[in-house]
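Student: requesting a structural model of the entry that follows:
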Amino acid sequence: MLGWFQKLLPKETKFFDLFEQHAATLVAGADALNSLLNGSTAIAAGCAEVMAQENRADDIAGQVMLEVGRTFITPFDRGDIEELIGSMDDAIDQMQKTVKSISLFEVERFEPCMKELGGIIVQASERIAVLLPMLRDIKKHAVSIGALAREIGAIEEKSDELHDQGLKALFKAHQGGDAMPFIVGAEIYDHLEKVVDRFEDVAKRASRIVLEHL
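Tutor: Residues are numbered from 1 along each chain as shown. As a prediction, the model looks like this:
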């Protein structure tokens with residue numbers, strides 16, 4: 001009944017605007033994280049930029065939740081909107097956890113697979129930024145949204161491979177020696193892989209919305 005009524009009313013564009021603004025923070029955060037991992041940005045500066053983007057994302061997510069409460073007719077089910085923005089916020093939160101660990105343990109160099117994961121994170125964020133505007137017209141973009149979601153799933157599988165490959169190399173490098181570099185490195189790998197997991201969650205939430213509105 002709600003879906004039928006929604007079709008009779010003008011679309012609320014503010015939610016889409018906010019989703020896209022939040023997606024911009026995801027891309028900016030991913031770029032900053034990748035830059036500090038590959039050495040093109042100073043570590044402290046890269047960490048600070050990720051933290052700044054996380055703060056911006058929190059503000060946008062809060063605005064979405066506020067609009068959900070005071071908007072009479074929303075473009076999607078209220079629960080779907082909350083879960084979508086929540087999954088997006090989880091992605092930037094995971095980036096924040098990554099740089100917090102980097103700062104806490106004073107990590108100064110990054111393993112090759114960590115650097116590759118940085119690039120993978122950027123790829124995932126960019127696809128999310130392409131996918132979200134398509135939610136403005138689900139019927140028109142349903143096939144493209146599905147294709148992007150599958151691409152993000154493939155990126156997540158690659159991140160799993162890099163995580164395992166990097167962890168194995170790290171273990172071999174420190175086997176029989178000081179365990180601390182392995183412990184710290186393993187935590188960084190875990191955080192990086194979880195960033196991609198969170199992007200996959202966003203794609204899954206978006207895909208579920210598509211299925212509910214076809």
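
Student: and the helix or strand where residue 157 lies, what does it pack onto?
Tutor: Taking DSSP states H and E as the criterion, residue 157 maps to helix 138-174. Applying 3 or more CB pairs under 8 Å, 6 or more residues apart in numbering; DSSP states H and E, one finds that helix 138-174 contacts helix 112-131, helix 180-212. In this view, the C-beta of every residue, glycine as well, is placed from N, C-alpha and C.

Student: flag every buried residue along the shortest one.
Tutor: By neighbour count, with 16 or more other CB atoms under 10 Å as the criterion, the buried positions of helix 112-131 are 113-118, 120-125, 127-129, 131.

Student: likewise for stretch 164-176?
Tutor: Neighbour counts over stretch 164-176 (16+ other CB under 10 Å) mark 166-167, 170 as buried.

Student: what about that stretch, average pLDDT?
Tutor: For stretch 164-176, mean pLDDT rounds to 93.

Student: can I get it in CSV? Just the C-alpha atoms.
Tutor: In CSV, the C-alpha atoms belonging to stretch 164-176 read as follows (Å, rounded to 0.1, in the frame of the first residue of the first chain):
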residue,chain,number,x,y,z
ASP,A,164,45.4,-14.2,3.5
GLN,A,165,48.4,-13.8,1.2
GLY,A,166,49.7,-10.8,3.3
LEU,A,167,49.2,-12.6,6.6
LYS,A,168,51.1,-15.6,5.4
ALA,A,169,54.0,-13.6,4.2
LEU,A,170,54.0,-11.6,7.5
PHE,A,171,54.1,-14.8,9.5
LYS,A,172,56.9,-16.3,7.5
ALA,A,173,58.9,-13.0,7.8
HIS,A,174,58.7,-13.0,11.6
GLN,A,175,58.6,-16.7,12.4
GLY,A,176,60.9,-17.5,15.2
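
Student: how far off centre is stretch 21-29?
Tutor: Distance, stretch centre to chain centre, for stretch 21-29: 9 Å (CA atoms, centre = their mean, to the nearest Å).

Student: which one is residue 202 nearest to, not counting chain neighbours?
Tutor: Excluding the flanking residues, the one nearest residue 202 by CB to CB, 6 or more residues apart in numbering is residue 87, at 4.7 Å.

Student: now residue 148
Tutor: Nearest non-adjacent residue to residue 148, counting by CB to CB, 6+ apart: residue 131, 4.5 Å away.

Student: contact partners for the closest residue in space to residue 130 that isn't next to it in sequence?
Tutor: Spatially, and ignoring its direct neighbours in sequence, residue 130 is nearest to residue 148 (6.3 Å; CB to CB, 6+ apart). Counting by CB atoms under 8 Å, 6 or more residues apart in numbering, residue 148 touches 127, 130-131, 134, 203.
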